[in-house]
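[1] Got a sequence here, can you model it:
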Amino acid sequence: SSSPSGGPSISNMPTNMPTISPTTPPSQSPIGTGIMTDKTSYTVGEPIEISWSYPQKLTISADWIGIYEDASLSQGTVPIGSEMWVYAKSLTQTFVEGQRTEGRWTSGMVTFDENPPDEGRSQSWPLGIGTYQVHIIRDADVPYPVVVSSPVFTVTPEPPSGTSLTVSKTAYTEGEDILIDFDYSGNPVLGAWIGMWPADSDPQALPSPSAYWNYICSDSQSSACDAHPTAGVVTLNADSEESWSWPLTCGSWRAYLIPGGAGSSAYSSAAASEALTVGTSAICENAVCNASPEDASPKNTHLVPNDGAQITKIAFGSCFRPGSQTSGSLLWQHVRDNFGSNSIWNWLGDNMYQDTNDSQAKRNAYNAARSDPYYTQYGPIAEPKIPTTGTWDDHDYGINNYGNNYECRQSSQNEFVYHFNVPETDPRHPAYAWGQQEGIYSSYMFQSDSGAPGIHLINLDARYHRSPTFTSYGPCEGASSTILGLVQWNWLENELSRPSEIKIIGSGTQVLPPTHRGRNLSSYCSYDGSGNTFDTANLEIGEGPGGFDGTSYETWAEIPQERTRLLKLVQESINAGSAKHVIFISGDQHWAEMMVKEIPARSGQPAVSVFEVTGSGIDQRWLSNIVNSNRLRPEDYGFRLRRDLQSRRTPRGEIKDSRKNDRRGLATAGATSIPVTAIKSITYSNSNTCSGDLLHICSATANYGGIEVDWVNQEVHLSIYTPFENVQEAARVTLHLGAT
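    This is a model prediction of the structure:
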């Protein structure tokens, strides 16, 4: 969740801003264009360092760099009234006639601080408390066209003296309410909140998300408040909107006061409490990892897919909250109407929510998910059953953002096995004759209409073996960090060598978004210093700094060494003729989107393009602009778009910074050049979108994804469905089956 945007009114930029050789705004950001700040959160008066790259061939370099309030960007333009600005060429507010950058890269760095870039010109320094972006702006008439934008950053006040947090006691039993007294001297920032992190966390670099949190003004996760108290009590318990993360697990914790900026990738705290412990040492040392005392429910069982069945369609979803289904049975009716035969339903994680070590609690949550009345009436377990398989993510696997540091991995795997009705002949089952495999990864080879290998469905386990991504989740493993573990990597290499027409790879977390660069790279556990394996991994797939950025939430790119390894294996599989297309499907994020990534050519390996569809939220949504340089943007392709799915009604809900349907988006930086031959057509509804991107579906009540192979016409259809909305297919991308 995010605090509302705030801040002072925009100051006036000089009205005599020169307009030299006006140019037409670009239809898309040039390949490799990017701009970013060195941090995502600053205190008032702290210097702001900005770096950019801009390879566009310009006639005269009159383009400029400006800082604006977050809400200023509208339809790809900004008005007069920047807070700070300089010309990109001169790094001053003086333009030098005749300077040209034609035919070469333009890049640079500038620091905005108390020293104005040009004497005699006014600047709004220091920036006021609020939320901002920095843009590369085209020299043209007002409103100014924006070429590319940085991720959002916040400015917060210096913590006032006397600000403090005090917990009511220092030892709690698991599930006990935690009372926190706060004293916030001075004028509290709009949206200040208190969150819980492990006690040894860096108070100035607290990773997102917190384990649990509430706003101080409402003592809840709603920021609708009439006043902002300077003192009071916040109570953390199971009454929160996000009670799935309650109770806190055994261990040592602190409460931290965050001035604002919820939704950032890292936070700076204004105060911290003393350390507190949850659970006695005896309980923590003997976590409840034993088998559930009660049998798994024999009711409402899933049907396991048959290897070798003739399948043409795969539907998929994630982040299932049965009690939050405001759309009633509509989604599951839509699934059954469109994927009732020759189909598979594939869960992609957070298939229920139960962050705990208690095996019985997980079993109860799985039973409740299968017993949901809409799921039982129309979902995959209704008759006739739709074969169902999948993978998991953190909230059904273990605890928020955990990997191999979760102590109850095996017992959690057993609950997954029982939920999906996995037979004893499957290596994932605890009774498997040759010993249970560690992890729930699996694959199925389905036949095409001719009986040949058609769709190869591979589900990865990105949790069981995954190394800690930040210090709050366990000791860092540096360049040795892994996601799949040695045995699963060997298994995957073998699977990718098996011939099929198309490979669909499921992952609980997203694969294609680039590494998020809005945080200090050294905060990533996998970071091993400048120029080493972390940096090299990104460079090898064409994603160096200054042009590519991704979401601050969990993705494969938090361990880029593993992501690059995966993409290289996929490239080799396609080039060896083992697949014509590889398509990733993913969950986790509470939004839907489509992505494309060109894996660059290397020795013996021509470049190939891979795609990803995220389907996430039943019923959940995350109304926010999210940076993703590899998001598929129809306007980047140069062919005329079809708008067959054009919505006939206003999108439901409002995005947090009001930038609806701005096609330039937050960061079109680094949009990859993809051979148009792979894409036959793109259709979209142009509703329920965020980030200014037509294929980022964020505000629909619920969504799920689908892939259908048309063997006769040799086409592959990638779809995002929004059954509760007026237009129920929000987007479709059709690929030529034989073109990569």
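[2] correct me, but Arg563 touches Gln510?
    No - assessed by C-beta atoms under 8 Å, Arg563 is found out of contact with Gln510, at 10.0 Å. In this view, the C-beta of every residue, glycine as well, is placed from N, C-alpha and C.
[3] Spit out the residues that contact these two alike.
    Residues touching both Arg563 and Gln510 (C-beta atoms under 8 Å, 6 or more residues apart in numbering) are Trp556.
[4] What's the biggest helix in this protein, counting residues?
    With secondary structure taken from DSSP state H, the chain has its longest helix at helix 560-575.
[5] which residues sit against whichever helix or strand comes after that one?
    Later in the chain than helix 560-575, the nearest helix or strand by DSSP states H and E is strand 581-586. By C-beta under 8 Å, 6+ apart, the residues outside strand 581-586 that reach it are 314, 316, 318, 346, 348, 502-512, 570, 573-574, 610-616, 678, 705, 707, 716, 718, 735, 737, 740.
[6] sorry, back to before: now do the longest helix of the chain: distance to the chain's middle.
    Relative to its chain's centre, helix 560-575 lies at 20 Å (C-alpha atoms, centre = their mean, to the nearest Å).
[7] got it, and stretch 580-587?
    16 Å.
[8] Tell me how many other residues surround the residue lying closest to Ser573 once chain neighbours are set aside.
    Spatial nearest neighbour of Ser573, chain neighbours left out: Leu496 (4.1 Å); criterion: C-beta to C-beta, 6 or more residues apart in numbering. Leu496: 24 surrounding residues under other C-beta atoms under 10 Å.
[9] With Thr156 instead?
    22.
[10] And for Ile399?
    21.
[11] That one and Thr356 touch, don't they?
    Yes - between Ile399 and Thr356 a contact is recorded at 7.4 Å, counting by C-beta under 8 Å.
[12] between those two, what contacts are shared?
    With C-beta under 8 Å, 6+ apart, Ile399 and Thr356 have common neighbours Thr249.
[13] Keep only those of the contacts of strand 581-586 that are in helices.
    Among those, the ones falling in helices (DSSP H) are Val570, Ser573, Ile574.
[14] In terms of pLDDT, where does the second one sit?
    What that stands for is Ser573. Looking at Ser573, its pLDDT reads 98.
[15] Also the first one?
    At Val570, the pLDDT value in this model is 98.
[16] Now it: closest residue in space, sequence neighbours ignored.
    In space, Val570 comes closest to Val582 once its chain neighbours are excluded; the distance is 4.7 Å by C-beta to C-beta, 6+ apart.
[17] now swap in the last one and tell me
    If the residues on either side of it in the chain are set aside, Ile574 comes closest to Val608, at 4.7 Å by C-beta to C-beta, 6+ apart.
[18] Show me where the stretch 451-600 of the chain has its helices.
    In the stretch 451-600 of the chain, the helices defined using DSSP state H, counting those that start in this stretch lie at 485-496, 533-540, 560-575.
[19] angle of the longest one against helix 533-540?
    Going back to what we said before, that points to helix 560-575. Per axes from the mean of the first three to the mean of the last three C-alpha atoms, to 10 degrees, the angle that helix 560-575 makes with helix 533-540 is 30 degrees.
[20] how about low-confidence regions in the stretch 201-350 of the chain?
    In the predicted model, the stretch 201-350 of the chain carries pLDDT under 70 at residues 207-209, 223-224, 240-246, 260-266, 280-288, 291, 293-297.
[21] ok, which stretches of it are strands?
    206-207, 212-215, 231-236, 251-258, 266-267, 271-272, 276-278, 313-317, 343-348 (DSSP state E, counting those that start in this stretch).
[22] can you put those strands in TSV and add distance to Tyr42 and mean neighbour count?
    Putting these into TSV (distance: least, C-beta to C-beta, whole Å; neighbours: other C-beta atoms under 10 Å) gives the following:
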stretch	distance to Tyr42	mean neighbour count
strand 206-207	15	22
strand 212-215	21	23
strand 231-236	25	16
strand 251-258	14	22
strand 266-267	12	25
strand 271-272	18	20
strand 276-278	30	20
strand 313-317	38	25
strand 343-348	36	26
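[23] which ones are touching Gln714?
    Going by C-beta under 8 Å, 6+ apart, Gln714 touches His736, Leu737, Gly738.
[24] same thing but 6 Å
    Applying C-beta atoms under 6 Å, 6 or more residues apart in numbering to Gln714 gives the contacts Leu737.
[25] Quick check: the gap between it and His581.
    Between Gln714 and His581 the computed distance is 11 Å (C-beta to C-beta, to the nearest Å).
[26] Likewise for Arg363?
    Arg363 is 38 Å from His581, by C-beta to C-beta.
[27] Report the contact partners of Ser318.
    By C-beta under 6 Å, 6+ apart, the residues touching Ser318 are Leu348, Gly349, Asp350, Gly587, Ser616.
[28] if I look at Ile314, how far off is Val44?
    Ile314 is 51 Å from Val44, by C-beta to C-beta.
[29] so what's Gln333 closest to, chain neighbours aside?
    Excluding the flanking residues, the one nearest Gln333 by C-beta to C-beta, 6+ apart is Tyr378, at 4.8 Å.
[30] What number of neighbouring residues does that neighbour come out with?
    19.
[31] Please identify the helix or strand for Ile50.
    Going by DSSP H and E, Ile50 is in strand 48-54.
[32] Gly390 now?
    Going by DSSP H and E, Gly390 is part of strand 388-391.
[33] what ranges do the strands span in the stretch 51-200 of the chain?
    Here the stretch 51-200 of the chain has its strands, by DSSP E, counting those that start in this stretch, at 64-69, 77-78, 84-87, 106-112, 130-137, 144-149, 153-156, 164-167, 171-172, 178-183, 193-198.
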